[in-house]
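> below is the structure, and that's it, no one-letter string:
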């Protein structure tokens, strides 16, 4: 499947007038200095749009949730690279999300081609597809390992949202929490994941 989604720089909301919402550029700059409150606000202001773009590219809700997670981890790690003179903050955010989503699609396509070729060449040999899946993404393995550094409540929320494929509203319902509390646990978990992965880099 070739992704048929235009580049994120063409997003019709990219040129939203000042005052229409939070100043994403300022939030990015504060996030780059380690301001967790700023990152929380940035996440709240842009997560739906990032997830929407990811879903349009990968066309699978569970995959889109994982791409959204990976995009925000990347945003938190690289916020200092954002240059306001080169484009709007929302375009920068969506460019990262678009790249992550396209990478996910290409990885899935490549894995599918490898598996198909292997089956044709070795029709009498069983293929352990779990090994293929486990080696498909180094980043995914590192994120899963970093989950062990989270608090139990953060890990539970993150696993439901990004590995269980549930929306924030569904996570809140499953955990019998207000939606805002569920989103806070997911957001704080993302921040802690970033810190843990950063230490190991």
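Arrived safely. Model, not experiment: these values are computed from the prediction.
> when you work out contacts or count neighbours from here on, use the C-alpha atoms and nothing else.
Fine.
> hang on, residue 197 packs against residue 149?
No - at 9.8 Å, residue 197 does not count as touching residue 149 under the criterion of C-alpha atoms under 8 Å.
> list the buried ones in stretch 58-70?
For stretch 58-70, the neighbour count (16 or more other C-alpha atoms under 10 Å) marks 58, 61, 62, 63, 64, 65, 66, 67, 68, 69, 70 as buried.
> typed the wrong thing, it's stretch 100-113
The neighbour-count check on stretch 100-113 (16+ other C-alpha under 10 Å) flags 100, 101, 102, 104, 105, 106, 108, 111 as buried.
> kindly report the same for stretch 21-35.
24, 25, 27, 28, 29, 30, 31, 32, 34.
> in a markdown table: those, plus secondary structure, distance to residue 186 and pLDDT.
Output for those, formatted as a markdown table (DSSP: H, G, I helix; E, B strand; the rest coil; distance: C-alpha to C-alpha, whole Å; pLDDT from 0 to 100):
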| residue | secondary structure | distance to residue 186 | pLDDT |
| --- | --- | --- | --- |
| 24 | helix | 20 | 95 |
| 25 | helix | 22 | 95 |
| 27 | helix | 19 | 96 |
| 28 | helix | 19 | 96 |
| 29 | helix | 22 | 95 |
| 30 | helix | 20 | 96 |
| 31 | helix | 17 | 96 |
| 32 | helix | 20 | 95 |
| 34 | coil | 18 | 94 |
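> count of neighbours near the nearest residue to residue 167 once chain neighbours are set aside?
Counting by C-alpha to C-alpha, 6 or more residues apart in numbering, residue 167 lies nearest to residue 161, which is 6.0 Å off, once chain neighbours are set aside. Neighbour count of residue 161, defined by other C-alpha atoms under 10 Å: 24.
> ok, residue 89 next?
20.
> so what touches the helix or strand residue 65 falls within?
Element membership for residue 65 (DSSP states H and E) is helix 61-78. Applying C-alpha atoms under 8 Å, 6 or more residues apart in numbering, the contact partners of helix 61-78 are 31-32, 39, 43, 47, 50-51, 54-55, 58, 93, 96-97, 100-101, 104, 161-166, 190-191, 193-194, 198.
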